[in-house]
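Participant: Structural data only, the sequence is not supplied:
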Ligand code: PMP
């Protein structure tokens, strides 16, 4: 049905389900303390920026040619990194796939495993983009709820019950979860993989913030040998401090990678992106060196918020969800007035702050004393 009542009939009729929708994205505002999109606050060192520039210059010499469509060298480098990071046997390059951010990874998975007549399930509160992957691939979107605040926990029984109810083609679990910061126990992932296997469904574990998890919390990567229907997705945007380069990746059974290769656009990963990602991986000690600092800053900031009397969701990520005392929008605005941009996201009454540099975090704490005063 065309919307013939649309005010501008000279324009082509957009898809009905897109009418009136706005593009997704947090405000990009130029203020001193950007704590709203869970970026890593530490820019590359001058030496690393120099090396990245050299890698791009060298790729530039061949830019008349399309890039390597299979990028096996990059996939090998990613596999070697994961073997180190999560203490797993090194995945084969055929088990690894990369795209322009984990957002594109997710869309490719939805293109291959979702679609008309199929559904995808996740648990609220979840990352805001998830329903858009479903919408854009004509996949039905269904949700169930995480446990109560402030833990927002998810247990195996709740996950298997929701899977039994919906029998979704895709289940999307997030560990640590955005916006709550909650990491998943492996028994939940295992139960979800088994329940999905009963109707040949896919389980995707989004570990965009995986490297920030607390000691002793294992990655879902350790379960890959047990479950042929498990995909673990990661990104270089957060721990690698490389959000601007756009590199996300997945690890799964080679048959799942093959399905994704069918739907990917040819040459989707530019030669410049491949060169930048490989250079960053070669410098991973430096790039990931700041993760320990950010985890310590996160724990200190959580403790500070708890001391102020806020409800705080326990976080394994590089951000913290907390309940405000005053109206959340007023608090958000008053922080912004003081040069601190955080995110109005999550359940009503809660705000999410990304962990920044020690200086950012101090500015946030000071601004919060004015923006959301607590009774003495
Ligand atoms: N998954 C989660 C849970 C996220 O929070 C984000 C980014 N905010 C992404 C995926 C996408 O990240 P990117 O495309 O930069 O890899």
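Facilitator: Everything's here; your move. Model, not experiment: these values are computed from the prediction.
Participant: Would you mind giving the domain segments of the protein?
Facilitator: 16-45+286-371, 48-283 (automatic domain parsing).
Participant: Of the ones you listed, which stretch is the most buried?
Facilitator: domain 48-283 (a mean of 19; mean count of other Cβ atoms under 10 Å). Using the backbone N, CA and C atoms, a C-beta is placed for each residue, glycine as well.
Participant: quick one: secondary structure of residue 142?
Facilitator: strand (DSSP: H, G, I helix; E, B strand; the rest coil).
Participant: can I assume it is in contact with residue 166?
Facilitator: Yes - the pair residue 142 / residue 166 is scored as a contact, 5.0 Å apart, by Cβ atoms under 8 Å.
Participant: which ones are touching the residue in the chain that the ligand sits nearest to?
Facilitator: In the chain, the residue that lies nearest the ligand is residue 101 (2.6 Å; Cβ to the nearest ligand atom). By Cβ atoms under 8 Å, 6 or more residues apart in numbering, the residues touching residue 101 are 235, 237, 246, 247, 248.
Participant: With residue 22 instead?
Facilitator: Counting by Cβ under 8 Å, 6+ apart, residue 22 has no contacts.
Participant: Just confirm it is within a helix.
Facilitator: No - going by three-state DSSP, the assignment for residue 22 is coil, not a helix.
Participant: Begin at 33, not 1, for the rest of this chat.
Facilitator: With 33 as the first residue, the last one maps to residue 54.
Participant: Quick check: phi and psi at it.
Facilitator: Note on residue 54: its backbone torsions stand at phi -110, psi 150 [degrees, to the nearest 10].
Participant: Would you map the helices across this structure?
Facilitator: 78-92, 104-118, 133-145, 162-168, 188-198, 218-229, 286-295, 303-314, 316-339, 360-369, 390-403 (DSSP state H).
Participant: now the angle from the third one to helix 286-295?
Facilitator: Going by axes from the mean of the first three to the mean of the last three Cα atoms, to 10 degrees, helix 133-145 is angled at 90 degrees with respect to helix 286-295.
Participant: same thing with the first one?
Facilitator: For helix 78-92 and helix 286-295, the angle between their directions (the same axes, to 10 degrees) works out to 60 degrees.
Participant: now for helix 78-92, which elements pack on it?
Facilitator: Other elements packing on helix 78-92 under the criterion 3 or more Cβ pairs under 8 Å, 6 or more residues apart in numbering; DSSP states H and E are helix 303-314.
Participant: and the helix it packs on with the ligand, contact?
Facilitator: No - figure legend: helix 303-314 not in contact with the ligand (Cβ under 6 Å from any ligand atom); closest approach 11.8 Å.
Participant: Now do that helix: distance to the chain's middle.
Facilitator: Remark: helix 303-314 is offset 20 Å from the chain centroid, using Cα atoms, centre = their mean, to the nearest Å.
Participant: Could you name the helices and strands sitting against that helix?
Facilitator: Checking 3+ Cβ pairs under 8 Å, 6+ apart, helix 303-314 ends up next to helix 78-92, helix 104-118.
Participant: Output those as JSON lines; include the columns distance to residue 369 and mean pLDDT.
Facilitator: Shown next, in JSON lines, are those (distance: least, Cβ to Cβ, whole Å; pLDDT from 0 to 100):
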{"stretch": "helix 78-92", "distance to residue 369": "33", "mean pLDDT": "97"}
{"stretch": "helix 104-118", "distance to residue 369": "40", "mean pLDDT": "97"}
